[in-house]
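Enquirer: Give me a 3D structure for the following:
(chains A and B)
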Protein chains: 2
Amino acid sequence: MHSVIDLLKSHRSIRKFTDQPVTQALFADLVAAGQAAATSSFLQGSTIIRVTDSAKRAKIAELAGNQKYVETAAEFMVFCADLKRPGNYCRLYGKEFEGDYTEHFIIATVDVALMAQSMVTAAESAGLGICYIGGIRNNPAEVSELLELPRGVYPVFGLCLGYPDQDPEIKPRLPASVIVKENVYDESGDAETIAAYDETVREYYQTRTGGGHGISWSEQVATLLSEKARPHMRDFLASQGFTFK
Amino acid sequence: MHSVIDLLKSHRSIRKFTDQPVTQALFADLVAAGQAAATSSFLQGSTIIRVTDSAKRAKIAELAGNQKYVETAAEFMVFCADLKRPGNYCRLYGKEFEGDYTEHFIIATVDVALMAQSMVTAAESAGLGICYIGGIRNNPAEVSELLELPRGVYPVFGLCLGYPDQDPEIKPRLPASVIVKENVYDESGDAETIAAYDETVREYYQTRTGGGHGISWSEQVATLLSEKARPHMRDFLASQGFTFK
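Expert: Residues are numbered from 1 along each chain as shown, chains lettered A, B, ... in the order given. Predicted coordinates:
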């Protein structure tokens, strides 16, 4: 079944979708595929809010930074880390809830990501295209209010799903020699490898359909890490009960 | 290519492996499949430490709570969230490093999980079995020292990979009706559904190969969330530069 590896390697985000809906049967199958992913300590700390209400979709598209495809994709979901569901049973069984440790945050966040990624692979195997929407964390409080997310639940990312109406190129990744290290973290040679990769990325942006800015990988990520990224997140998470104890 | 969905649905953790090694070519293919997963803002915030040194393996197996399969699996890797690699370029380009926000932690952690899960699917499609090792967070400082992880890098989880020498049952998941909600977070009916599911889980533990404890899902997760889980994580992360600003 080596075609699965080819499928995975062929991933690219899709931001333009046809009108074709996703059938209920396929959607259910995608959820089942996602749920089968590993879950830490059997927590199953994920909840998917499937947004079918078009007014809510439009509002989220706006809140996420005017990402129109949130409105136009056949399906749009918000993937939430959910410690409320298991936490309910602390109360029921007379145990004190202590689920506000950093570790619980990691467990639930990783659970969500593993589930989503399996769902994505399932979707792509069925001919669908996807786009993760980290932009919902631009305004997480508003998104949470719109979806009535209670304390103990936080929106990690959104996901657009639909049949592709575009065929973008695959974005080149860092050479594996930079990503995979043996026994110890050793950066020897990485700077040279990344310098060559930076040129590949520049070229990708310059030649891809629609043109582009020609900015290298290192320039992009240096900018990302020199910004106070979404500085509201800590307080927002605290308000939802994730206090990083 | 509906078999991909069947493959995903058939996941279960493998904790007993044959001696058969993973070829270099296959390993490289698995990494490529993992790297092709989506990455937030193109960060590529993941580093894999492939642990081939048997003394290090033995030590990590012990640190992770005596998980022998960390030693015996054909491959064992530690998946790290890596903000050092991109952070290097802040310095190089004369930008101030601000990559210690909660948001950066989320981006990097999700990046790692998406990459790992694609690698897992690739591995399973090639007949390999896997087991995530959250236990490396029992002693993250010791694991980090052993792997010489610098500031800006933290070990999210381990992953065992190898050809299965066991055939465990698939662990039943929560009914999809509990996981997927439409437009708003609404728990109506969930308690009844979970009560029935709890019985399924009890039965799974009672009848599975090797026997089991017969504890329901809700009992397990209530215990998990009533424990001060890995309370060292916050300070450990701070020492690695993840300060949740």
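
Enquirer: Was I right to think A:Ala126 contacts A:Leu26?
Expert: Yes - between A:Ala126 and A:Leu26 a contact is recorded at 6.0 Å, counting by CB atoms under 8 Å. Just so you know, the C-beta spots here come from the backbone N, C-alpha and C atoms, and that holds for glycine as well.

Enquirer: And the average pLDDT for stretch A:65-83 is what?
Expert: In this model, stretch A:65-83 has a mean pLDDT of 97.

Enquirer: Report pLDDT for A:Ala191.
Expert: Model confidence at A:Ala191 (pLDDT) stands at 97.

Enquirer: gap between A:Gly241 and chain B?
Expert: Noted for A:Gly241: a distance of 11 Å to chain B, by CB to the nearest CB, to the nearest Å.

Enquirer: I'd assumed B:Gln35 was in contact with A:Arg173.
Expert: Yes - contact status for A:Arg173 versus B:Gln35: in contact at 4.3 Å, counting by CB under 8 Å.

Enquirer: Identify the contacts common to those two.
Expert: B:Gln44 (CB atoms under 8 Å, 6 or more residues apart in numbering or on different chains).

Enquirer: Can you mark which positions in the helix ranked longest in chain A are buried?
Expert: Taking DSSP state H as the criterion, chain A has its longest helix at helix A:102-125. Going by neighbour count (16 or more other CB atoms under 10 Å in any protein chain shown), the buried part of helix A:102-125 is A:102-125.

Enquirer: what number of residues lie near the residue lying closest to A:Gln240 once chain neighbours are set aside?
Expert: Once flanking residues are discounted, A:Gln240 sits nearest to A:Tyr154: 4.8 Å by CB to CB, 6 or more residues apart in numbering or on different chains. A:Tyr154 is flanked by 26 other residues according to other CB atoms under 10 Å in any protein chain shown.

Enquirer: swap in the one 5 residues further on?
Expert: With neighbours defined by other CB under 10 Å, the count for A:Leu159 comes to 23.

Enquirer: And for A:Phe42?
Expert: Neighbourhood size, A:Phe42 [other CB under 10 Å]: 17.

Enquirer: which residue packs closest to it, ignoring adjacent ones?
Expert: Of all residues not flanking A:Phe42 in the chain, B:Gln220 sits nearest, at 5.7 Å (CB to CB, 6+ apart).

Enquirer: how about the closest residue to A:Ser54 other than its chain neighbours, secondary structure?
Expert: Excluding the flanking residues, the one nearest A:Ser54 by CB to CB, 6+ apart is A:Glu71, at 7.4 Å. Under the three-state scheme (DSSP: H, G, I helix; E, B strand; the rest coil), A:Glu71 adopts helix.

Enquirer: From chain B, how far off is A:Glu71?
Expert: In this structure, A:Glu71 and chain B are 14 Å apart, going by CB to the nearest CB.

Enquirer: Would you mind measuring from that residue to A:Glu145?
Expert: Noted for A:Glu71: a distance of 19 Å to A:Glu145, by CB to CB, to the nearest Å.

Enquirer: more crowded one of these two?
Expert: A:Glu71 (16 against 10).

Enquirer: List the contacts of the more buried one.
Expert: For A:Glu71, the contacting residues are A:Ser54, A:Arg57, A:Ala58, A:Ala61, by CB under 8 Å, 6+ apart.

Enquirer: and the third one, how many residues sit next to it?
Expert: Yep, that's A:Ala58 we're talking about. For A:Ala58, using other CB under 10 Å, the count is 13.

Enquirer: Mind pulling up the pLDDT for it?
Expert: In the predicted model, A:Ala58 carries a pLDDT score of 98.

Enquirer: hang on, it in a strand?
Expert: No - A:Ala58 is assigned helix when assessed by three-state DSSP, not a strand.

Enquirer: Give me the helices and strands touching the helix or strand harbouring A:Pro155, please.
Expert: Taking DSSP states H and E as the definition, one finds A:Pro155 inside strand A:153-162. Using 3 or more CB pairs under 8 Å, 6 or more residues apart in numbering or on different chains; DSSP states H and E, the elements in contact with strand A:153-162 are helix A:69-72, strand A:75-82, helix A:102-125, strand A:129-133, helix A:140-146, helix B:102-125.

Enquirer: what angle separates that strand from helix B:102-125?
Expert: On the basis of axes from the mean of the first three to the mean of the last three CA atoms, to 10 degrees, strand A:153-162 is oriented at 50 degrees to helix B:102-125.

Enquirer: Let's see strand A:153-162 as CSV, backbone CA atoms only.
Expert: Taking C-alpha atoms only, strand A:153-162 is exported to CSV below (Å, rounded to 0.1, in the frame of the first residue of the first chain):
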residue,chain,number,x,y,z
VAL,A,153,-12.8,23.8,25.9
TYR,A,154,-10.7,25.9,23.6
PRO,A,155,-10.7,26.2,19.8
VAL,A,156,-7.3,24.9,18.5
PHE,A,157,-7.8,25.4,14.8
GLY,A,158,-10.4,25.4,12.1
LEU,A,159,-10.4,23.1,9.1
CYS,A,160,-11.9,23.7,5.6
LEU,A,161,-12.8,20.6,3.6
GLY,A,162,-14.2,20.3,0.1
